[in-house]
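>>> got a sequence here, can you model it:
(chains A and B)
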Amino acid sequence: NAGVTQTPKFQVLKTGQSMTLQCAQDMNHNSMYWYRQDPGMGLRLIYYSASEGTTDKGEVPNGYNVSRLNKREFSLRLESAAPSQTSVYFCASTRGGSELFFGSGTQLSVL
Amino acid sequence: ELKVEQNPLFLSMQEGKNYTIYCNYSTTSDRLYWYRQDPGKSLESLFVLLSNGAVKQEGRLMASLDTKARLSTLHITAAVHDLSATYFCAVGIQGAQKLVFGQGTRLTINP
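Down below sits the predicted model:
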């Protein structure tokens, strides 16, 4: 089973460039999430989608946009990348009210 | 606002010893999770705790939950090197489909 698939695994951007991180899950989960992980700060929620057609802000949404394209896919877009967005990004999904299943992560560097 | 605090943040211990990681949270929650993360890898679910007094064990790891004290513990018995990793607790916001993570505890087990 593929589980949660994120692409790309690595990305280097220049300040001001845009990009979209893709996430897809094949577990028929309703809820999907984007987290960022920075050293010493645990994981911080950027945006989440409790169900298809809905999205909500998390703790650190500024500078990001999301799209829940369908039940399987949830993308994260950086419109104008900044060095402060250098981080490891994780997508996750859950059936709802239960444990999260995580993707393998995207390591993003913004120069 | 739900806050989740783990301690210690760093723990170096010898094989064969016992130790406990603590996870405190600030407001009422209806679920708590423990995750493991190896360097450069994604997060792996260890335990799901859903009720006061819940205790779960897997090998040398045992997790418990006291919802009245807003405290969960992860106890390591007779540590072995393979348990070296970063451990996160995550707390569910009651009535909401999202989790707040602690900062993580980096555990190093020395021979």
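>>> who's residue A:10 bridged to?
With DSSP bridges as the criterion, residue A:10 is bridged to residue A:107.
>>> against residue A:52, how distant is it?
29 Å (Cβ to Cβ, to the nearest Å). C-betas here are computed from N, CA, C, even on glycine.
>>> could you do residue A:19 as well?
24 Å.
>>> can you give me the strands for the chain?
Reading this off chain A. Counting by DSSP state E, chain A has strands at residues A:4-7, A:10-13, A:19-25, A:31-37, A:43-49, A:56-57, A:64-68, A:74-78, A:87-94, A:101-102, A:106-110.
>>> you looked at the wrong chain, it should be chain B
B:4-7, B:10-14, B:19-25, B:29-37, B:43-49, B:55-58, B:61-66, B:71-76, B:85-93, B:99-101, B:105-110.
>>> where in chain B is pLDDT low?
B:94-96 (pLDDT under 70).
>>> at 80 what do you get?
B:30, B:93-98 (pLDDT under 80).
>>> chain A contacts on that one?
Residues of chain B found near chain A (Cβ under 8 Å from any Cβ of the partner chain) are B:4, B:9, B:31, B:33, B:41-43, B:45, B:48, B:88, B:90, B:92, B:97-104.
>>> now the strands of chain A in JSON lines, with distance to residue B:23 and mean neighbour count?
Output for these, formatted as JSON lines (distance: least, Cβ to Cβ, whole Å; neighbours: other Cβ atoms under 10 Å in any protein chain shown):
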{"stretch": "strand A:4-7", "distance to residue B:23": "24", "mean neighbour count": "18"}
{"stretch": "strand A:10-13", "distance to residue B:23": "31", "mean neighbour count": "14"}
{"stretch": "strand A:19-25", "distance to residue B:23": "27", "mean neighbour count": "19"}
{"stretch": "strand A:31-37", "distance to residue B:23": "17", "mean neighbour count": "25"}
{"stretch": "strand A:43-49", "distance to residue B:23": "14", "mean neighbour count": "22"}
{"stretch": "strand A:56-57", "distance to residue B:23": "25", "mean neighbour count": "14"}
{"stretch": "strand A:64-68", "distance to residue B:23": "28", "mean neighbour count": "18"}
{"stretch": "strand A:74-78", "distance to residue B:23": "27", "mean neighbour count": "20"}
{"stretch": "strand A:87-94", "distance to residue B:23": "19", "mean neighbour count": "24"}
{"stretch": "strand A:101-102", "distance to residue B:23": "19", "mean neighbour count": "21"}
{"stretch": "strand A:106-110", "distance to residue B:23": "27", "mean neighbour count": "18"}
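>>> closest to residue B:26 out of these?
Closest approach to residue B:26 among the strands of chain A is made by strand A:43-49 (16.1 Å; Cβ to Cβ).
>>> no further queries at this time; thank you.
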